[in-house]
Each structure stands twice: as structure tokens, then as C-alpha cells.
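Peer 1: next input, structure requested:
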Amino acid sequence: MPCNPWAAEQEEVLPKSSLKVDMRRRRHICPAGKTHPFTLGTIVEFDAHQGQKCPLREQCTTAEPGRGKSIRIAEDELLQHRLRKLARNSTGRERLRKRVSMEHRLAHLSRRQGP
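Peer 2: Next up, the predicted model:
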């Protein structure tokens, strides 16, 4: 089960996971069907003017009028996307469990020896 430390702050709006992500073309597709390209390691801001007219704006963002929804794209977004996809089914979770023991060992080594 993925950890989401900011879930309490974001409950009133649609989460990042509600967007469809096309990793090959590097673009997000919002629930209303609008697309926006992204670059890894940046913050994506959807167009404010299009967002003002959107029927889902109240559910989508708490941004002030004149500002669009913004989403942070991690440097390792491709890896995160792949791991979330694996965690959705039982065979994927089984594969991820194999990583845990190795990751714990590496974390202990890193703590003792440094990065």
C-alpha cells in the first residue's frame, strides 16, 4: 500500500492520481479531458483561463481565481509510476516484496557508511 503523507491536506480536491498519465508522450490528462505536457523534475501548472470555465474546478483545485492547478512532477516519476502500477495487483505486490529485504540492507549500509 503506497504511503501518502499529505493525504489529509488534499482530501477536498482531486488527487494527482485522478489524472491519467501518458508517460510515453509525457502529458497529463485531467478528468475533464484537458491535456498538458510535462517535464520530469518540474511543477506543471494547468492553464488558469481554461480552469475557470471547467465544471470540475471546485473538485479539482483550491487555487485562487486566475491560478491553475499545479502538480509537482518528480525526477523519478517514471519509476514511481511503474511501482504504483505494480502495487495495484497481487502479482505486482509479490514482486515488490522481494525488493524490501534488499532495500532494507542497503538502507542500513547507507546509514553506517554514508551515501
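Peer 1: quick one: the helices in this structure?
Peer 2: With DSSP state H, the ranges of helices along the chain come out as 48-53, 57-60, 77-87, 90-113.
Peer 1: which of these sits most buried?
Peer 2: Highest mean neighbour count of the helices of the chain: helix 57-60, a mean of 15 (counted as mean count of other Cβ atoms under 10 Å). Every C-beta, even on glycine, is put in place using the N, C-alpha and C of the backbone.
Peer 1: picking up where we left off before, need the helices of the chain in CSV with distance to residue 67 and mean pLDDT, can you?
Peer 2: Output for the helices of the chain, formatted as CSV (distance: least, Cβ to Cβ, whole Å; pLDDT from 0 to 100):
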stretch, distance to residue 67, mean pLDDT
helix 48-53, 5, 71
helix 57-60, 11, 78
helix 77-87, 23, 87
helix 90-113, 37, 87
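Peer 1: relative to residue 82, how far out is the most centrally placed residue in the chain?
Peer 2: Residue closest to the mean C-alpha point of the chain, counted by Cα atoms, centre = their mean, is residue 16 at 5.0 Å. Distance, residue 16 to residue 82, using Cβ to Cβ, to the nearest Å: 16 Å.
Peer 1: re earlier: can I get the helices of the chain in a markdown table including distance to residue 39?
Peer 2: Below are these laid out as a markdown table (distance: least, Cβ to Cβ, whole Å):
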| stretch | distance to residue 39 |
| --- | --- |
| helix 48-53 | 19 |
| helix 57-60 | 21 |
| helix 77-87 | 10 |
| helix 90-113 | 27 |
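Peer 1: out of the ones you listed, the one nearest residue 32 is which?
Peer 2: For residue 32, the closest of these is helix 57-60, at 7.8 Å, according to Cβ to Cβ.
Peer 1: what are the contacting residues of that closest one?
Peer 2: Helix 57-60 has contacts (Cβ atoms under 8 Å, 6 or more residues apart in numbering) with 13, 14, 30, 31, 32, 51, 54, 69.
Peer 1: what sits against the second one?
Peer 2: Translated: residue 14. Residue 14 is in contact with 31, 56, 59, 60, counting by Cβ under 8 Å, 6+ apart.
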